[in-house]
Each structure stands twice: as structure tokens, then as C-alpha cells.
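[1] With the input below, show me the fold.
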Amino acid sequence: MKHFINLKDISTKNLRKIISDAQKRKNLRKKLSHLDVDKDAPLKGKLLIQMFEKSSLRTRLSFYLAIRQLGGSALTLRPDELHLSKGGESIEDTAKILSNFGNAFMLRTDSDKKLEEFKKYLSIPVINGLSPSSHPTQILSDIFTVEEIKKKPIHKLNIAWIGDCNNVLNSLIAASIKFSFKLKIGCPKKYKPDKNIIDYIQKNKNKIDIYSSPKKAVFNADVLFSDKVISINDKVNKLEKTKSFKKFKIDKKMMGYAKKDCIFLHCLPRGNEVDEKVFSSKQSKVWTQALNRVHVQKSILLYCFGKLR
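    Here you go, the predicted structure:
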């Protein structure tokens, strides 16, 4: 049994195995529908229990299809329906029930502490479907997408991020260290990564540069990542933050500083951080990016169950 909580805690070898397995499984599904089960049905009879404390569309759909395609089933819980939320039941007791009924637990949460508590008390694999500090399933899937489109390993590419320094970027930073790729971050000085993230970068001596100039961050990029500037639960002055990011909006002019074949990726949902002409252009690969989450999350599940081929 293995957990999938933070990319920092998983070896590069295992992350590579997940990506490789995802590509093999995707190739075998070219003539299958979304609900068709993989021929080997490796997780037949297994139940994935999902719980969402925050809104979700892509993560919810992709994990549902992932376990279905592997031969298993999914059950989705809402915290406001449980005693955990309203009846004062402890995480320890909740975890014991989940362990008795399910075979794996995926949590999208507003608390990193809660995620660690579930990990402590569950006797089944725990998957981080997004927490305040990281979004590992998203970024591993994005690496799969980059390498699939660019047809080369990510360490041979220049990667750029323009936007808020949030949980998605934290996982991208962890990935840059695991996969040894160059990463340039463009953001206002006031909104640069937290000190603990800066310390992590410096400790690992990776090639990660942070610029207050979006032009410098995007220059010569093969791939440009972004995310919403204002997240749902952002506890900041939203007007002030939006003004600070005004010159970081991704438009055709900004894309012109990158390589001609640079692709644009966004984990969605989008806000005003990207111009429609970029979002709808041939350089934008957001729909492929979203769909690939199914394939990678299948292999993440297999990793957790110790069944990677």
C-alpha cells in the first residue's frame, strides 16, 4: 500500500513508472468508450471513496472514470452529509469506517493537517486530490501531457509559469526538482512563493528562477503554465491582487516572447489571467490536458495498490 500525497515524497523512478504506464494504457484505449473497462481490469472489485470539501469538476470526473476503467467503482461523499462535519465524529473514527468499507480514499481538502490525520488513521491508500499546499495529481498529469505533445522528456524543455504562486505551482516546483527541468516563474514581488518553498528550492539547488518581469519569465519557453489569480477561498484583497497581476495577463504579445511552438496549459477553471485569443488558439492544449488526467490517475491508483506494470 502506498499513498500519493506530495510529489516530494515519491521517488522519480516511481513517478516515471506512473507516466509510462499511463501512456501504455492510453494507447490501448483508442477504440474504447469512456465507460469500457481495460482488458486486464486490474482493480476489479475495488472501491474508491472520494470526498470533496472544495468544488471539483475535472478531479471528480477523472477519478470516477479512472477507477471505472480499471474495473472498480467510485463512491463520492460530501463532508456536510457526514457526522465528521455536523455530528462531531472524529477523523480517527471516520477513517476506520472508510477503511472497512473502501479500498482507497481520495480527498480534496481545505486543510493539509486533515490530510495528514487521515493518512495516520486510514489503513487504505490516501490520494491528495488537492490541498492548500499542493496539487500533485494535476501536475503529474501535466508532465505526461507536455511529454506527449512535445515528444521529448521534460528536462530537455524550458518551462515557464505566469501567475499566482499557489498550490499548483508548489507541485510544479516539486516536479521540477524530481524531473530536473528548468523552471522560470513570473509573478509580482508581493506574491512570490512562500519562504518554505524558497528554502526548498535553495536546498535542492535546482534551476528555478523567479522574475517580477513576465517577459523575462516567458522568454524562450517551450511550455507556459498558468492558473487563476483569484482562487475560490483566497483570503486577500481581491481588487488589490487583481491590479498587481494586470501586467501578467497572458496575451498574444506575451506568447510572442516564447518559442513559436510554445504550448499553453491551464489546470482550469480560468479567470481573467489569460486572453481569449490565447486560450482558444492552436497553442492552447487545455482540453487535452484535462482529459489526460483520467489516464494518469488510473496509473496513480495502480501505484497506490502496488499493481503498476
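[2] how near is the nearest residue to residue 213 once chain neighbours are set aside to residue 293?
    Once flanking residues are discounted, residue 213 sits nearest to residue 186: 6.9 Å by CB to CB, 6 or more residues apart in numbering. Every residue, glycine included, has its C-beta placed from N, CA and C. As defined by CB to CB, to the nearest Å, residue 186 lies at a distance of 25 Å from residue 293.
[3] helix, strand or coil for residue 299?
    Of the three states, residue 299 takes helix under DSSP: H, G, I helix; E, B strand; the rest coil.
[4] what's it in contact with, if anything?
    Residue 299 sits next to 17-19, 21-22, 25, 308 when contact means CB atoms under 8 Å, 6 or more residues apart in numbering.
[5] Of those residues, which belong to strands?
    Using DSSP state E, no member of the contacts of residue 299 falls in strands.
[6] coming back round to it: burial check on the residue nearest to residue 213, number of neighbours?
    For residue 186, the neighbour count with other CB atoms under 10 Å is 26.
[7] For it, grab phi and psi.
    Main-chain dihedrals, residue 186, degrees, to the nearest 10: phi -110, psi 120.
[8] wouldn't it be in contact with residue 165 here?
    No: contact criterion CB atoms under 8 Å: residue 186 and residue 165 do not qualify, at 10.2 Å.
[9] just to revisit the earlier point, who are the contact partners of the residue nearest to residue 213?
    160-163, 211-214, 216-218, 248.
[10] Now list the buried members of the residues you listed.
    Neighbour counting by 16 or more other CB atoms under 10 Å classes 160-163, 211, 214, 217-218, 248 among the contacts of residue 186 as buried.
[11] These: which two are farthest apart?
    163 and 211 (12.5 Å; CB to CB).
[12] shared neighbours, these two?
    By CB under 8 Å, 6+ apart, residue 163 and residue 211 have these common neighbours: 186-187.
[13] one step back: got the buried ones among the contacts of residue 186 as CSV, with distance to residue 179 columns?
    Supplementary listing: the buried ones among the contacts of residue 186 in CSV, determined by distance: CB to CB, whole Å:
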residue, distance to residue 179
160, 15
161, 15
162, 20
163, 21
211, 21
214, 24
217, 19
218, 20
248, 25
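[14] In strands only, show me these.
    Per DSSP E, strands hold the following members of the buried ones among the contacts of residue 186: 160-162, 211.
[15] how much space between residue 267 and residue 24?
    To residue 24, residue 267 is 24 Å away according to CB to CB.
[16] the strands in the stretch 51-200 of the chain, which residues?
    Secondary structure of the stretch 51-200 of the chain by DSSP state E, counting those that start in this stretch: the strands cover 73-77, 104-108, 126-130, 158-162, 182-186.
[17] on contacts alone, who are the packing partners of the first one?
    Other helices and strands packing on strand 73-77, by 3 or more CB pairs under 8 Å, 6 or more residues apart in numbering; DSSP states H and E, are strand 47-52, helix 58-69.
[18] For residue 101, find the nearest of the ones you listed.
    In terms of CB to CB, the element of the helices and strands packed on strand 73-77 nearest to residue 101 is strand 47-52, at 7.0 Å.
[19] could you check the distance from the closest residue to residue 76 other than its chain neighbours over to residue 106?
    Of all residues beyond its chain neighbours, the one nearest residue 76 is residue 50 (4.7 Å), with distances taken as CB to CB, 6+ apart. As for residue 50, its distance to residue 106 is 5 Å (criterion: CB to CB).
[20] swap in residue 199?
    For residue 199, the distance to residue 106 equals 29 Å [CB to CB].
[21] Same check on residue 123?
    16 Å.
[22] The two: which has the busier surroundings?
    Neighbour totals were compared for residue 123 and residue 106, and residue 106 leads with 29 against 10 (other CB under 10 Å).
[23] what pairs with that one across the strands?
    For residue 106, the beta-bridge partners under DSSP bridges are residue 50, residue 127.
[24] That one: what's it in contact with?
    Counting by CB under 8 Å, 6+ apart, residue 106 has contacts 48-51, 63, 126-127, 129.
[25] Need the pLDDT of it.
    Per-residue pLDDT puts residue 106 at 98.
[26] do the same with residue 231
    Here, the pLDDT recorded for residue 231 equals 74.
[27] now the spatially closest residue to residue 56 that is not a sequence neighbour: how far from residue 34?
    Nearest residue to residue 56 in three dimensions, chain neighbours excluded: residue 108, at 5.5 Å (CB to CB, 6+ apart). Relative to residue 34, residue 108 is positioned 21 Å away (CB to CB).
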